[in-house]
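[1] coords please:
(one chain, ligands or ions: 1)
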Amino acid sequence: MTLRVAILISGGGSNMVKLVESMSGDHPARPCLVLSNIAGAGGLDKADALGVETATVAHKNFATREAFEEALHARLEQSRPDIICLAGFMRILTAGFVSKWEGRMLNIHPSLLPKYQGLNTHQRAIDAGDSLHGCSIHEVTALLDDGPIWGQATVRVQKEDTAEVLANRVLVQEHKLYPEVLRKFAAAQQG
Ligand code: GAR
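    Below is the predicted model:
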């Protein structure tokens with residue numbers, strides 16, 4: 001059975017594009033939805049151009065996090081995903097939402113977890129004087145940027161790096177790592 005993948009974004013969606021492009025041929029999954037919590041996020045047009053259904057559930061239209069997540073869950077269910085990939089999705093999800101998708105949801109985080117959960121990961125790696133930095137793909141659990149790690153990729157931090165330069169170097173690795181991990185994760189789900 002071919003698995004269905006929903007990808008959640010908040011911005012430009014460069015990881016989403018790599019995931020969508022990877023799901024062809026003998027890949028065990030296909031994209032079924034790209035959903036943004038921000039109206040007009042750049043990634044929505046890219047998904048559209050790739051022929052993937054898109055949706056927006058704008059968190060700012062909801063009074064509470066729970067109300068937003070209820071609408072998010074309802075929209076996701078319409079597309080019947082087997083797997084959800086968070087790809088630059090910048091909303092914290094509550095335990096209630098996560099429990100509905102636990103074991104079926106991946107996230108990409110721009111640090112070598114467990115280091116630097118949360119935001120500003122690149123600057124924090126520079127400030128700490130780290131020589132290695134990178135990205136992680138993990139299963140999403142109720143704790144922020146936690147959960148079983150499915151893959152990591154490293155880059156060297158250079159003396160003259162700014163956060164932006166370092167972020168771009170990490171992003172190159174993200175684009176390779178996420179499709180590799182999704183393929184493994186989907187194959188494991190297929191059993
Ligand atoms: C990526 O670097 C991703 O790792 C990061 O946001 C960026 C999204 O870029 N995610 C997080 O910081 C999650 N806490 P993209 O929209 O071009 O894929």
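[2] now stretch 87-103 - C-alpha only, PDB.
    The C-alpha trace of stretch 87-103 is given here as PDB (Å, rounded to 0.1, in the frame of the first residue of the first chain):
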ATOM      1  CA  ALA A  87       9.100  20.900   7.600                       C
ATOM      2  CA  GLY A  88       9.800  24.400   9.000                       C
ATOM      3  CA  PHE A  89       6.500  24.300  10.800                       C
ATOM      4  CA  MET A  90       6.900  27.000  13.500                       C
ATOM      5  CA  ARG A  91       4.100  26.300  15.900                       C
ATOM      6  CA  ILE A  92       4.500  24.300  19.100                       C
ATOM      7  CA  LEU A  93       2.000  21.400  19.200                       C
ATOM      8  CA  THR A  94       0.300  20.400  22.400                       C
ATOM      9  CA  ALA A  95       0.400  16.900  23.900                       C
ATOM     10  CA  GLY A  96      -3.200  16.400  22.900                       C
ATOM     11  CA  PHE A  97      -2.600  17.000  19.200                       C
ATOM     12  CA  VAL A  98       0.700  15.100  19.200                       C
ATOM     13  CA  SER A  99      -0.900  12.000  20.800                       C
ATOM     14  CA  LYS A 100      -3.300  11.700  17.900                       C
ATOM     15  CA  TRP A 101      -0.400  11.300  15.400                       C
ATOM     16  CA  GLU A 102       2.300   9.900  17.600                       C
ATOM     17  CA  GLY A 103       4.600   7.400  15.900                       C
END
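[3] next, the buried residues of it.
    By neighbour count on 16 or more other CB atoms under 10 Å, the buried set for stretch 87-103 is 87-89, 91, 93, 97-98, 101. Using the backbone N, CA and C atoms, a C-beta is placed for each residue, glycine as well.
[4] next: stretch 45-56.
    So, applying 16+ other CB under 10 Å, buried residues of stretch 45-56: 46-47, 52, 54-55.
[5] which of the buried residues of stretch 87-103 sits closest to the ligand?
    residue 88 (2.6 Å; CB to the nearest ligand atom).
[6] the closest one: what secondary structure?
    Recorded secondary structure, residue 88: coil (DSSP: H, G, I helix; E, B strand; the rest coil).
[7] which residues in the chain form helices?
    14-22, 42-49, 65-79, 95-101, 121-127, 163-190 (DSSP state H).
[8] contacts for stretch 57-65?
    Under the criterion CB atoms under 8 Å, 6 or more residues apart in numbering, residues 35-39, 68, 71-72, 75, 91-92, 94 lie in contact with stretch 57-65.
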